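Trainee: After the sequence you'll find the predicted model.
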Number of protein chains: 2
Amino acid sequence: MKSVRRASPLLKQLRTSPIHSRRHNPVVIRISPQQCRRQSSQTQQKATTSATSEPHQPSPEGAKEGATPAPRIKYTTDSYPKLQRDSRFKELTEEHVRYFRDLLGSDNAVVEGVTQDNPDLDGYNADWMRKFRGKSKLVLLPNSTEQVSKVMKYCNDNMLAVVPQGGNTGLVGGSVPVFDEIVLSLSRMNSVRSFDEISGIFVCDAGMILEQADNYLRERGYLFPLDLGAKGSCHVGGNVATNAGGLRLLRYGSLHGSVLGVEAVLPDGTIVDDLSKLRKNNTGYDIKQLFIGGEGTLGVITGVSILAPQECTAVNVAYFGLSSFENVQRAFREAKKHLGEILSAFELMDGGSQNMFSSVSGTSLPLEGKHPFYVLIETRGSNSDHDAEKVEAFLEHVMSSEIVSDGVMAQDGAQQAELWRCREGITETLGHHGGVYKYDLSIPITQLYDLVVEMKQRMQDKGLLGEGKPVVDVVGYGHMGDGNLHLNIATRGWDKEVEKVLEPFVYEWVGERQGSISAEHGLGLSKKDYVGYSKSATMIKLMKQLKDLYDPNGIMNPYKYI
Amino acid sequence: MKSVRRASPLLKQLRTSPIHSRRHNPVVIRISPQQCRRQSSQTQQKATTSATSEPHQPSPEGAKEGATPAPRIKYTTDSYPKLQRDSRFKELTEEHVRYFRDLLGSDNAVVEGVTQDNPDLDGYNADWMRKFRGKSKLVLLPNSTEQVSKVMKYCNDNMLAVVPQGGNTGLVGGSVPVFDEIVLSLSRMNSVRSFDEISGIFVCDAGMILEQADNYLRERGYLFPLDLGAKGSCHVGGNVATNAGGLRLLRYGSLHGSVLGVEAVLPDGTIVDDLSKLRKNNTGYDIKQLFIGGEGTLGVITGVSILAPQECTAVNVAYFGLSSFENVQRAFREAKKHLGEILSAFELMDGGSQNMFSSVSGTSLPLEGKHPFYVLIETRGSNSDHDAEKVEAFLEHVMSSEIVSDGVMAQDGAQQAELWRCREGITETLGHHGGVYKYDLSIPITQLYDLVVEMKQRMQDKGLLGEGKPVVDVVGYGHMGDGNLHLNIATRGWDKEVEKVLEPFVYEWVGERQGSISAEHGLGLSKKDYVGYSKSATMIKLMKQLKDLYDPNGIMNPYKYI
């Protein structure tokens, strides 16, 4: 009874005491999640990252990376000196460029540096993290699937390697060339093809920007079943090609379920016309699935058909402190039980990550006192009264049963953004002391946090952690609802000793538990060599077999994936 | 205001007037959906079908099929005389049988008719609809993935064709042999492998019966994200192999989204160990997707990992009359808007289907008066008060805006079953007059009902419809929420003239609208020749390429699919 009494007044108090009154320094909460989003892929300044768009590895520049713009990005071939250009690929000639100019017609469909120096190529050659930089001398911007088909056929016939590029917001170096591959940008193919307001089935070109697609759907009472930090510049086709996860996966599932159809072009120019607008169609192998998460290594996605869910008008966000990871798991179980169909996010932040966020950003946390774990819960539903009641009943339950130690609930959209900021702001603050080693992992939920504990112990045992030592802290946070952990090691700089403790230990640890070394960001260039920790030799062999089947010349996004 | 006034008292009246008081003959509602479910695949009597397990074509016996058990099922090779045995396949010898006995050890792991006549083979050779019958002389029942692997390798090395068989509840002849293929039954592999109560991730052998898996999960507060009429005998592995749709698709999505991992054995014995227990894993091509809906033509599924959702404790069922298909579409749109996250079924029944159900079964429909269209809506959520309020608000809206003409809402589980009976009972009653031609189609929702109207007109124009004519009625019903129409032509018997009007018209009509000629039942043997109406020549070529890649000898489930 004691705990019940304790919980109820607290809930009431919270509901009448908006969290902004507890903030010591209101001006420090200055970046909203929306502002975090990048506005254009062509703006190559260091962008603010969100929780779902963070690099896994520190940049080669090491300490204070991003604090001031680096003058010049290192070539990928310098960072990865073992990479060798595939000699089967032809080098570009003026004749090739002429062919493409004739084919694509318009001047702005071809950006070339074959006949002249061309600084416009830089934005296509480098990634937004300033970590990867290729040496392409040709960017093609077709405006139709037929043009893509002709481009691919010519490239295949002439052994010219190709990198498909969407919004170029990837995190593993998958969307930029390594050597002189042709960049095939989908950005001119950016139209809605159809939308059925009854079924919610939406079809668009691959080059449509995710936020534009989402806005189009919101105006019609629907939403795109995917959301992520880079939505202002990433492309729908790129999202599908990388099987992007993001912020709505817990609620709307993966793209393997929501994507109904894909139109893609194979290396030989074949148009894979699998752009179904049907929810159910059991007439053969579901070939489109190979392009979802195929990272442009089998073909170029040119169109996407997807099932858009109804927009949810009621949103609730709550933030808790918890005493143990066991209680975090219990809270997750209870959240699923009480919030069921409206639970849209269950985000874990450990004490270390929240302390660093608070101290670096100068923001007071929403709760008084320290807690070993914090959880952010979001609900999205169709009825605000019902949802508020559900959340309240959930809160009462988890507080009266002492699963949760303390909690607050946002009263309006601004407070929701403030609570989300405690989760999304972690990424920026972790790099404050110099560098940060980042891993994006899937781990069975019961063991999710063990890795953080073990890694912290390892760093301590090696005398690497603490005041005056290389490692500032080892923290864990992430999309707990999806079993997705972001393990982060905040350091005072790039440090070989730290790296030896980290790798291959992290990959081995994840591999032994049948986890994933890349939960949502894909393989690209940076994870290519580690796939063996998450996939067996048999699976890798089967993957290579598919690659050889669809791309026998190996021209599609070479040097990456497998 | 007038319509608002009209709606509210009606709703109140309905809520205080339970529907059973309106029933003229209460005893006729005698079969619950549960009772409809088949209890065992080995019981080869004509089973009662549910809405999701209905044959598309009349049985070759024609009129009154199923009224009395047929003495002997026709061989598939007699029904499909064009089929020729593939001469590349070896015929079974006593030596083969010895090998399998040595390999599988136990006596009940081998059912053979090579050295002796064996009536136990009959149940494996024939399908439950009594429409297909093969001539296999050997059934193998391995009890481990390793045994399956060894069986497959031996069969591949010795050119012995194989049909994987689950619960043998399919509707297109996919799970029984045509000639003398070996039947590989998964029924002895029926254990739960693991369940994570926190994440809801469930892993089981392929041979586990769906209902057992669902019961296991319900005891733990979860449920299997798939439900269908044959749940008492179908296998989870068979469900995945056929990408079964069923009753929960609108709510929980397709198996392509909910299945997290598959373990399968390729023809050469390779074990595809893709049994991931992770929600997110972006480390390579999603190869398991090819086995989902591959109908056992690429390999044998031996294990399944799936994300189980929380069980929903609150269930509401309502039944409406509507004046036009336009209003049905508007009601669907409003249901999605008002019921959003809790809408679990939106089933369409046209007036013809309900009239026939009523007159044949002697059941009064729940609504007084006749309506051109009827809709059954089900919600499943975590809070009964909230859900009832949502449903009520939805009802008020659709009735006050005259989208819906009349409606009732069930007050308890028994009444819910009665309302469902109006939907699920259609199948049985349609065959009453002699025969019934059935099609399971996906059609863009806006055009969903046009086919029924056109087909009725065609039958009328040809003088085939009406009193004393072959066709009793042309009706449409189905999973409207999934865009899935069941077009049914109830006849007084098997009729060549009717068939000429039906085919290829139905397939052409669906093909022209980019629909699917098999929404949820797959291709098997009976749809093999029609896949071209739903898939382009390019897609068929790509499918054949995959078949050749994984099964170069063509031993897996031959004569079917592609």
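Mentor: Happy to help now that I have it. Residues are numbered from 1 along each chain as shown, chains lettered A, B, ... in the order given.

Trainee: Quick check: residue A:161 touching residue A:89?
Mentor: Yes - shown here, residue A:161 and residue A:89 form a contact pair, counting by Cβ atoms under 8 Å, at 4.6 Å. For every residue, glycine as well, the C-beta is placed using N, CA and C.

Trainee: what about stretch A:307-315, near chain B?
Mentor: Yes - Stretch A:307-315 reaches chain B (Cβ under 8 Å from any Cβ of the partner chain) through A:310, A:312.

Trainee: Residues touching that stretch, excluding its own?
Mentor: Residues outside stretch A:307-315 that contact it (Cβ atoms under 8 Å, 6 or more residues apart in numbering or on different chains): A:195, A:199-202, A:217-218, A:221-225, A:252, A:258, A:260, A:279, A:342, A:344, A:378-384, A:386-388, A:413, A:416, B:336-337, B:340-341.

Trainee: Apply 7 Å and report the result again.
Mentor: Stretch A:307-315 is contacted from outside by A:200-202, A:217-218, A:221-225, A:252, A:258, A:260, A:279, A:378, A:380-384, A:387, A:416, B:336-337, B:340, using Cβ atoms under 7 Å, 6 or more residues apart in numbering or on different chains.

Trainee: Keep only those of those residues that are in helices.
Mentor: Judged by DSSP state H, the contacts of stretch A:307-315 include A:217, A:218, A:252, A:258, A:384, A:387, A:416, B:336, B:337 as members of helices.

Trainee: From residue A:239, how far out is the last one?
Mentor: It stands for residue B:337. As judged by Cβ to Cβ, to the nearest Å, residue B:337 and residue A:239 stand 26 Å apart.

Trainee: which residues touch residue A:257?
Mentor: Neighbouring residues of residue A:257 by Cβ under 7 Å, 6+ apart: B:253, B:254, B:256, B:257, B:258.

Trainee: mind running it again at 10 Å?
Mentor: Residue A:257 makes contact with A:225, A:292, A:307, B:252, B:253, B:254, B:255, B:256, B:257, B:258, B:259, B:307, according to Cβ atoms under 10 Å, 6 or more residues apart in numbering or on different chains.

Trainee: Kindly report the same for residue A:227.
Mentor: Contacts for residue A:227 were tallied using Cβ under 10 Å, 6+ apart; they are A:33, A:52, A:210-211, A:214, A:244, A:246-249, A:251-252, A:344.

Trainee: separation between residue A:374 and residue A:354?
Mentor: Counting by Cβ to Cβ, the separation of residue A:374 from residue A:354 is 5 Å.

Trainee: how about low-confidence regions in chain A?
Mentor: By pLDDT under 70, the weakly predicted segments of chain A are A:1-71.

Trainee: one more time with 80
Mentor: Applying pLDDT under 80 to chain A flags the ranges A:1-71, A:106-107, A:129, A:494.

Trainee: one step back: narrow the ones in helices among the contacts of stretch A:307-315 to just the buried residues.
Mentor: Listed as buried from those are A:217, A:252, A:258, A:387, A:416, B:336, B:337; burial here means 16 or more other Cβ atoms under 10 Å in any protein chain shown.

Trainee: on that earlier part again, top of the contacts of residue A:257 by number of neighbours, please.
Mentor: residue B:254 (28 neighbours; other Cβ atoms under 10 Å in any protein chain shown).

Trainee: Surely it and residue B:293 touch.
Mentor: Yes - counting by Cβ atoms under 10 Å, residue B:254 touches residue B:293, with 9.1 Å between them.

Trainee: any shared contact partners between those two?
Mentor: Common neighbours of residue B:254 and residue B:293 (criterion: Cβ under 10 Å, 6+ apart): A:281, A:282, A:286, B:243, B:244, B:520.

Trainee: Quickly note the distance from the fifth one to residue A:276.
Mentor: The one in question is residue B:244. Counting by Cβ to Cβ, the separation of residue B:244 from residue A:276 is 18 Å.

Trainee: Looking at those two, which one has more neighbours?
Mentor: residue B:244 (29 against 25).

Trainee: Could you look up the SS state of that one?
Mentor: Classification of residue B:244 using DSSP: H, G, I helix; E, B strand; the rest coil returns coil.

Trainee: can you pull the contacts of it?
Mentor: Residues near residue B:244 by Cβ under 10 Å, 6+ apart: A:282, B:52-53, B:169-170, B:210, B:226-228, B:230-231, B:234, B:236, B:238, B:254-255, B:292-293, B:520-522.

Trainee: Go through these and flag which are in helices.
Mentor: Per DSSP H, these map to helices at B:210, B:236, B:238, B:255.

Trainee: Show me the subset of those that also lies near chain A.
Mentor: Among the ones in helices among the contacts of residue B:244, the residues that sit close to chain A (Cβ under 10 Å from any Cβ of the partner chain) are residue B:255.

Trainee: Which residues are in contact with each of residue A:374 and residue A:354?
Mentor: In contact with both residue A:374 and residue A:354: A:319, A:321, A:365, A:366, A:367, A:422, A:423, A:477, using Cβ under 10 Å, 6+ apart.

Trainee: now those residues as a markdown table including secondary structure?
Mentor: Converted to a markdown table, these look like this (three-state DSSP):
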| residue | secondary structure |
| --- | --- |
| A:319 | strand |
| A:321 | strand |
| A:365 | coil |
| A:366 | coil |
| A:367 | coil |
| A:422 | helix |
| A:423 | helix |
| A:477 | strand |
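
Trainee: mind checking how far residue A:359 is from residue A:322?
Mentor: Counting by Cβ to Cβ, the gap from residue A:359 to residue A:322 is 20 Å.

Trainee: Tell me which of these two has more neighbours.
Mentor: Comparing residue A:359 with residue A:322 by other Cβ under 10 Å, the one with more neighbours is residue A:322, at 26 against 11.

Trainee: Point me to the residue of chain A nearest chain B.
Mentor: Residue nearest to chain B within chain A: residue A:257 (1.8 Å; Cβ to the nearest Cβ).
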